[in-house]
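Peer 1: Attaching a predicted model along with its sequence, questions to come.
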Amino acid sequence: MKVAVASDHRGYEFKKKLCRMLSEHTVVDYGTNNAAESVDYPDYALRVARAVVSKECDRGILVCGTGLGMSLAANKVRGVRAVVVHDVFSAEMSRRHNDSNVLCLGADVISPGAMASKIVQVWLDTPFEGERHARRVKKIMDLEGS
Ligand code: RB5
């Protein structure tokens, strides 16, 4: 899978470890490139969101302090279904039922260890169930611009 990743300064160290977690995938890193310079997370959310909706990448993963700002920003881009997830069950369900295409993680919420790795793996591997969930996801997407 081709995965777009980005972080702000708060998520930078986590993102470095995330790239290692994604060694079986093709990773496109949209920055930021250091933790020292304070940057604005919407700029990085936009890069990943565009990579996903343009189909340049299959999925996106964003990291900031909480995951919240990244998800709020990414969800403004038409076609994005970004979720903040810090547990394996939600990672799975966000794929099965919501067809999430961007995963947002909080570097101040979860450490980049085994749990984060499992969340990422489950989120990448779980398919969308479609059927009645496709109808509901379509209703979400129809809300864009409303
Ligand atoms: C940056 O200080 C912080 O606000 C950001 O990383 C993120 O947590 C926002 O939601």
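Peer 2: Arrived safely. Source: prediction; values computed, not measured.
Peer 1: Hmm, His9 and Glu37 touching each other?
Peer 2: Yes: if you go by Cβ atoms under 8 Å, Glu37 and His9 touch, sitting 6.3 Å apart. The way it works is simple: take the backbone N, C-alpha and C, and place the C-beta from them, glycine included.
Peer 1: ok, these two, which is more surrounded?
Peer 2: Taking other Cβ atoms under 10 Å, Glu37 and His9 do not tie; His9 has more neighbours (20 against 10).
Peer 1: Can you read off the backbone torsions of that one?
Peer 2: Here is the backbone geometry of His9 (degrees, to the nearest 10): phi -60, psi -40.
Peer 1: For the most centrally placed residue in the chain, name its beta-bridge partners.
Peer 2: Centroid-nearest residue in the chain: Leu103, 2.2 Å away (criterion: Cα atoms, centre = their mean). Beta bridges link Leu103 to Ile61, Val83 when assigned by DSSP bridges.
Peer 1: Helices along the chain, start to end?
Peer 2: Counting by DSSP state H, the chain has helices at residues 12-21, 41-53, 68-74, 88-96, 114-125, 132-142.
Peer 1: The second one to helix 12-21, inter-axis angle?
Peer 2: To tie it back to what came earlier, the one meant is helix 41-53. Helix 41-53 and helix 12-21 are oriented at 20 degrees to each other (axes from the mean of the first three to the mean of the last three Cα atoms, to 10 degrees).
Peer 1: which parts of this structure sit against the ligand?
Peer 2: Applying Cβ under 6 Å from any ligand atom, one finds that the chain approaches the ligand through 8, 10, 41, 64-66, 68-69.
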